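In: Just need the structure, nothing else, for what follows:
(one chain, ligands or ions: 1)
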Amino acid sequence: MATTSGSTTDPSPPAAFRSGFACFVGRPNAGKSTLTNALVGTKVAITSGRPQTTRHAIRGIVHRDDAQLVLVDTPGLHRPRTLLGQRLNDVVRATLSEVDVVGFCMPADEPLGRGDTFIAEELSRLPKRTPVVAILTKTDKVTDPDRIGARLLEVSGLGEFSDIVPVSAVRSYQVDVLADVLVSRLPTGPALYPGGELTDEPEQVMVAELVREAALEGVRDELPHSLAVVVEEMVPREGRPETRPLLDVRVNVFVERPSQKAIVIGAGGSRLKAVGSQARTQIEALLGTPVYLDLHVKVAKDWQRDPRQLRRLGF
Ligand SMILES: Nc1nc2c(ncn2[C@@H]2O[C@H](COP(=O)(O)OP(=O)(O)OP(=O)(O)O)[C@@H](O)[C@H]2O)c(=O)[nH]1
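Out: Below you'll find the predicted structure:
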């Protein structure tokens with residue numbers, strides 16, 4: 001337990017303040033989102049009984065007196081079958097090599113499977129040796145302590161882990177111990193995010209990237225770096241029946257010159273229509289909900305050279 005003077009007026013962090021990133025991997029349904037929520041203490045990720053509801057990274061931040069732990073809740077790591085799956089796995093791999101510690105979740109109530117072996121292999125192949133903490137989740141579902149012991153032994157044989165921690169997110173069993181273990185693997189350093197900020201929105205970044213890809217398709221030579229995409233708004237349409245939701249996604253595509261605007265829009269708006277339809281299909285696949293995509297092309301003159309414009313465009 002961290003000791004502090006309890007003073008709220010002293011802004012300087014304790015000497016050994018730690019900060020950094022952690023992410024959870026594990027096969028679908030392993031309990032990653034629920035554990036993230038238990039650690040952060042606020043509902044940030046979507047959980048459900050169905051596999052792979054977490055299609056994109058959602059971060060939660062654990063603020064402590066002695067540390068700030070930024071959690072990245074990754075999609076279930078699985079063998080790529082589709083292009084989208086391939087992209088998600090690339091996102092997972094990129095995430096894994098960027099974080100300070102990885103939590104590998106395995107449910108206590110299910111035997112180890114091919115999915116776990118696959119993930120263990122992926123982890124052992126990471127270029128940088130990120131410490132991996134094995135987490136035996138959902139221990140409340142197993143009443144026999146001997147079975148937990150056997151599962152822990154099985155897990156320890158699966159790879160090289162810096163720690164192995166059994167937890168139950170729903171009973172808050174050992175969640176604080178896990179937080180301590182994860183924090184202990186972070187480098188010392190000041191808080192990365194100002195207090196109070198609990199989530200950011202990487203899905204907006206991915207949506208912007210899908211629109212950018214669609215807008216550049218076939219015209220990459222003509223518009224190499226002159227295109228920026230900003231997601232202005234993503235809001236559920238009001239008054240829709242629960243069974244037929246619709247997400248309004250408002251996106252601005254910025255180009256540098258009117259001639260480029262004409263290229264993106266195409267004769268009679270034909271190209272923009274195709275761009276919108278391709279991007280919408282992919283956004284729907286990414287977010288798992290029907291989408292109304294409102295796409296606008298705007299000229300932001302010389303945006304690449306203007307720091308104020310660049311900031312506005314999120315660079
Ligand atoms: N009994 C019990 N159930 C849990 C616990 N943690 C998660 N669950 C349940 O297990 C199911 C899957 O949990 P999630 O947190 O959505 O799993 P996930 O690994 O994020 O799943 P994906 O998004 O598919 O990768 C849900 O029905 C949870 O309620 C736990 O500690 N105890």
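
In: Is stretch 276-291 positioned near the ligand?
Out: No: residues of stretch 276-291 contacting the ligand under Cβ under 6 Å from any ligand atom: none, with a closest distance of 11.2 Å. No exception for glycine: its C-beta is placed from N, CA and C like everyone else's.

In: Buried residues, that stretch. List them.
Out: 276, 278, 279, 280, 282, 283, 286, 287, 291 (16 or more other Cβ atoms under 10 Å).

In: What's the local residue count around residue 269?
Out: Other residues near residue 269 come to 11 when the count uses other Cβ atoms under 10 Å.

In: can you give me the strands for this protein?
Out: 18-25, 58-63, 67-73, 101-107, 132-137, 163-166, 227-236, 247-255, 291-299 (DSSP state E).

In: CSV for those strands, including mean pLDDT?
Out: Converted to CSV, the strands of the chain look like this (pLDDT from 0 to 100):
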stretch, mean pLDDT
strand 18-25, 87
strand 58-63, 68
strand 67-73, 79
strand 101-107, 94
strand 132-137, 97
strand 163-166, 97
strand 227-236, 83
strand 247-255, 91
strand 291-299, 94
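
In: if we can go back for a sec, in helices, which of the buried residues of stretch 276-291 fall?
Out: Using DSSP state H, 276, 278, 279, 280, 282, 283, 286, 287 are the members of the buried residues of stretch 276-291 that sit in helices.

In: Just grab the bridge partners of the closest residue to the fourth one other than its chain neighbours for me.
Out: If I follow you right, that is residue 280. Spatially, and ignoring its direct neighbours in sequence, residue 280 is nearest to residue 293 (4.3 Å; Cβ to Cβ, 6 or more residues apart in numbering). Going by DSSP bridges, residue 293 is paired in beta bridges with residue 249.

In: correct me, but residue 293 touches residue 282?
Out: No: assessed by Cβ atoms under 8 Å, residue 293 is found out of contact with residue 282, at 10.1 Å.

In: That's all I had, so thanks and see you.
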